[in-house]
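>>> Quick one, what's the 3D model for this:
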Amino acid sequence: MPAPLAERLRPQNLDDYIGQQHLVGPNGIIRRMINSGKIASFILWGPPGVGKTTLAKIIANTTQSAFFTLSAVTSGVKDVREVIDRAQKEAAGMFSTGRPILFIDEIHRFSKSQQDSLLGAVENGTVTLIGATTENPSFEVIRPLLSRAQVYTLKPLEESDLQVLLQRAISEDEILSQASVRVEQTAALFRYAGGDARKLLNILDLLEQSTPIGEDIVINDRVITERLQENPQAYDKNGEMHYDIVSAFIKSIRGSDPDAAVYWLARMIAGGEDPEFIARRLVILAAEDIGLANPNALLLADATFSVIQKIGMPEGRIPLSECAIYLAQSPKSNSAYMAIDAALAEVERSGNLPVPLHLRNAPTSLMKNLDYGKNYKYAHDYPDNFVAQQFRPDEIAGMQFWHPCDNPSEDGMRQRHNARWGKDSK
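Numbers count the residues shown, from 1 in each chain. Got it, this is the predicted structure:
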C-alpha cells in the first residue's frame, strides 16, 4: 500500500517548499538562519496544512542536525526528559554537525509542567526547539518559553500556491504522473482545500483511489463535490476561516450590530465550533469592549458561560444568541482595558517602586518604629467615607491611568472622581 500523497510529495528542501515566502523567500528569516547554519529556537504558528512540520524537517535535513519529535497529544514530562537525554548523547557523540532539533507538534496542548520541563534544555542550548501550533502562542505557551523562542506566523496557501502544488502532484508524483489526469475546473478543489496543502493532496488521493483503472482522473467542480459527498463548508473550525469568522463576530458586537453578530454566531455553530470557546470570547469582550459602561454585561456573559457548561448544545445556542444581542446593544467602553495596559506599561518602565510607608501594614513593633502605617487615614472615619491622601509611589503621584469614556455610567464615575479629588479625570 503506497504512502499517502501528502507524504509522497513532502518537499525535502526549501526550493521545493511552497508558500510562506515571507519566511523562506530570498530575504526570509528562516532561509537566512539555514544559510548561516545558526538555528535559533522558534514556534511556527498557523492553520493546519501550511507546512509547519515540513519546514522543521527541511531545517534538520539541511543543517544535518539530529531530529527528535514529540506530539503534545501523546507525550508527557517523562517523554520530554527522555528525548532531551537522547539529544545530549547525540550531541556528545558528534553524530551530527548542528545542534539537535526537538520538534513539538501541537505545542499548545502541552501543560505548564511539560513546558517547564523544556526550559533548561532550550536555555542551555542542549536542543533547538521548533514548536508548531494552530493556537495563539501568547495564550497557550508559558511566558518563560516564549521569551526563549521567536514566533513566526504561517499563512494559508494562496490559490497560486495551490495551483503550483496541483501541477507538481500531477507531474511529479510516482502514481499520478503515470495516470491520465484531466484538469477542467479547480474552483471546488481550491474551495475545499481552504489554503490547506494536506487537504488538497488528500482530495487528489481520494480521486485517484475512487477512479476505476483505465479511466481518466477528472478534476472539475461536479466530480469534486460528488466524491466528497458534502456541500462546501465555508467554516473550518481548525483553519483560517475559524479566525476570520471569530474576528467578524467580535467586531460586529463591538460595532453594535446585533444582526451581524447573530449571523456570525450561526456560522460558528453550524461549523461545529466549541460553544465554550464562543462563550469565553463573549466574557472577554464584555470586559474589554463594554466594561464600565455597563458592568452587568460581564455578569451576563459569565452566566452564559456557566449555562453553556450545564446544558450544552443545541439548547446552548439560545443563551449564546441572547448574550451576543445584549452585548451588541450595550453601550461600549474600553477604559478599564486601556487603564490596565497603561499601568502595566508604567510598571515595565519604572519597575518595583516602593510602597509609601503610610500604606504599609505594621504587624510588629519594629515595623511601627520604622513608621510603617504612620499617618494613614482610615476612609470610614471621614464624611462620605473619603479623605484625600496619596495612594501611589512618589514617582508616579500625579500619573493618570484611567480615562473614563463618554457614557452615562462613566459620566457619573467621572463626576464623583472630580468631586473627591478636585481634578478633571477626562
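>>> where does the stretch 101-250 of the chain have low pLDDT?
229-243 (pLDDT under 70).
>>> Start from the N-terminal end of it and give the strands.
Using DSSP state E, counting those that start in this stretch, the strands of the stretch 101-250 of the chain run over residues 128-133, 150-153, 181-183, 217-219.
>>> Need the winner for burial among those.
Highest mean neighbour count of the strands of the stretch 101-250 of the chain: strand 128-133, a mean of 25 (counted as mean count of other CB atoms under 10 Å). Heads up, the C-betas are built off the backbone N, CA and C, glycines and all.
>>> Name the nearest residue to the most centrally placed residue in the chain, sequence neighbours excluded.
When CA atoms, centre = their mean is applied to the chain, the residue found nearest the centroid is Asn136 (1.2 Å). Closest residue in space to Asn136, ignoring its immediate chain neighbours: Trp45 at 7.0 Å, by CB to CB, 6 or more residues apart in numbering.
>>> Could you report the neighbour count for that neighbour?
Neighbours of Trp45 under the rule other CB atoms under 10 Å: 22.
>>> I'd like the strands of the stretch 101-250 of the chain as TSV, with distance to Arg420 appended.
Output for these, formatted as TSV (distance: least, CB to CB, whole Å):
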stretch	distance to Arg420
strand 128-133	48
strand 150-153	44
strand 181-183	74
strand 217-219	72
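>>> Quick one: the helices in the stretch 1-150 of the chain, in order.
Taking DSSP state H, counting those that start in this stretch as the test, the helices found in the stretch 1-150 of the chain are 5-8, 21-24, 29-36, 52-63, 77-93, 112-123, 137-140, 143-146.
>>> Mind listing residues that contact the last one?
Applying CB atoms under 8 Å, 6 or more residues apart in numbering, the external contacts of helix 143-146 come out as 43, 115-116, 118-119, 122, 129, 137-138.
>>> List buried members of the residues you listed by neighbour count.
Neighbour counting with 16 or more other CB atoms under 10 Å marks 43, 115, 118, 122, 129, 137 as buried within those.
>>> was I right about the fourth one contacting Ser41?
I take that to be Val122. Yes. Using CB atoms under 8 Å, Val122 is in contact with Ser41, at 5.4 Å.
>>> and the helices of the stretch 1-150 of the chain, which is most packed in?
A comparison of the helices of the stretch 1-150 of the chain by mean neighbour count, using mean count of other CB under 10 Å, puts helix 52-63 on top with a mean of 20.
>>> And that one, what does it pack against?
Counting contacts by 3 or more CB pairs under 8 Å, 6 or more residues apart in numbering; DSSP states H and E, helix 52-63 packs against helix 29-36, strand 42-45, strand 65-71, strand 98-105, strand 128-133.
>>> can you do 10 Å?
Applying 3 or more CB pairs under 10 Å, 6 or more residues apart in numbering; DSSP states H and E, we find helix 52-63 packed against helix 21-24, helix 29-36, strand 42-45, strand 65-71, strand 98-105, strand 128-133, helix 197-210.
>>> With Asp16 as the reference, measure out to Ala169.
Between Ala169 and Asp16 the computed distance is 12 Å (CB to CB, to the nearest Å).
>>> Compare neighbour counts for the two and give me the winner.
Neighbour totals were compared for Ala169 and Asp16, and Ala169 leads with 23 against 13 (other CB under 10 Å).
>>> that older thread, list the residues that contact the residue nearest to the centre of the chain.
The contact partners of Asn136, taken as CB atoms under 10 Å, 6 or more residues apart in numbering, are 45, 108, 151, 153, 243.
>>> Next, find the distance separating it from Leu146.
Distance from Asn136 to Leu146, counting by CB to CB: 11 Å.
>>> what do you get for Gly373?
The value you get for Gly373 to Leu146, if CB to CB is used, is 40 Å.
>>> which of the residues in stretch 155-163 are buried?
So stretch 155-163, judged by 16+ other CB under 10 Å, has buried residues 155-157, 161-163.
>>> about what we covered before: closest to Ile325 out of the helices of the stretch 1-150 of the chain?
helix 137-140 (26.6 Å; CB to CB).
>>> what helices or strands is that closest one leaning on?
strand 42-45, helix 143-146, strand 150-153.
>>> Who are the packing partners of the last one?
Meaning strand 150-153. The contact analysis (3+ CB pairs under 10 Å, 6+ apart) places strand 150-153 against helix 21-24, helix 29-36, strand 42-45, strand 128-133, helix 137-140.
>>> In its sheet, which strands sit next to it, and in what direction?
As defined by DSSP bridges, the strand partners of strand 150-153 come to strand 42-45 (parallel).
>>> Average pLDDT for the partner strand, rounded please.
For strand 42-45, mean pLDDT rounds to 92.
>>> what does stretch 351-366 give?
Mean per-residue pLDDT for stretch 351-366: 84.
>>> okay, how far is it across it, tip to tip?
The straight-line separation of the ends of stretch 351-366 (CA to CA, to the nearest Å) is 27 Å.
>>> ok, now stretch 283-296?
11 Å.
>>> By neighbour count, which bits of it are buried? Give me those.
283, 285-294.
>>> ok, so of the residues you listed, who is nearest Ala345?
Glu288 (16.8 Å).
>>> got a list of what that closest one touches?
Residues counted as contacts of Glu288 (CB under 10 Å, 6+ apart) are 250, 254, 298, 332-334, 336-338.
>>> Isn't Ser247 up against Met268?
No. Assessed by CB atoms under 10 Å, Ser247 is found out of contact with Met268, at 11.4 Å.
>>> Tell me the spacing between the residue nearest to the centre of the chain and Glu273.
Note on Asn136: its distance to Glu273, by CB to CB, is 16 Å.
>>> again, but for Glu7
Per CB to CB, Glu7 is found 30 Å from Glu273.
>>> Would you check how far apart the residue of the chain positioned farthest from its centre and Glu90 are?
Farthest-out residue of the chain from its mean C-alpha position, per CA atoms, centre = their mean: Asn369, at 51.5 Å. Applying CB to CB, the value for Asn369 to Glu90 is 61 Å.
>>> same thing with Phe391?
57 Å.
>>> can you give me the helices for the stretch 201-350 of the chain?
For the stretch 201-350 of the chain, the helices defined by DSSP H, counting those that start in this stretch cover 221-228, 240-254, 258-270, 275-285, 296-311, 317-329, 335-350.
>>> so can I have CSV of those helices showing distance to Pro356?
Below are the helices of the stretch 201-350 of the chain laid out as CSV (distance: least, CB to CB, whole Å):
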stretch, distance to Pro356
helix 221-228, 68
helix 240-254, 39
helix 258-270, 46
helix 275-285, 34
helix 296-311, 32
helix 317-329, 39
helix 335-350, 14
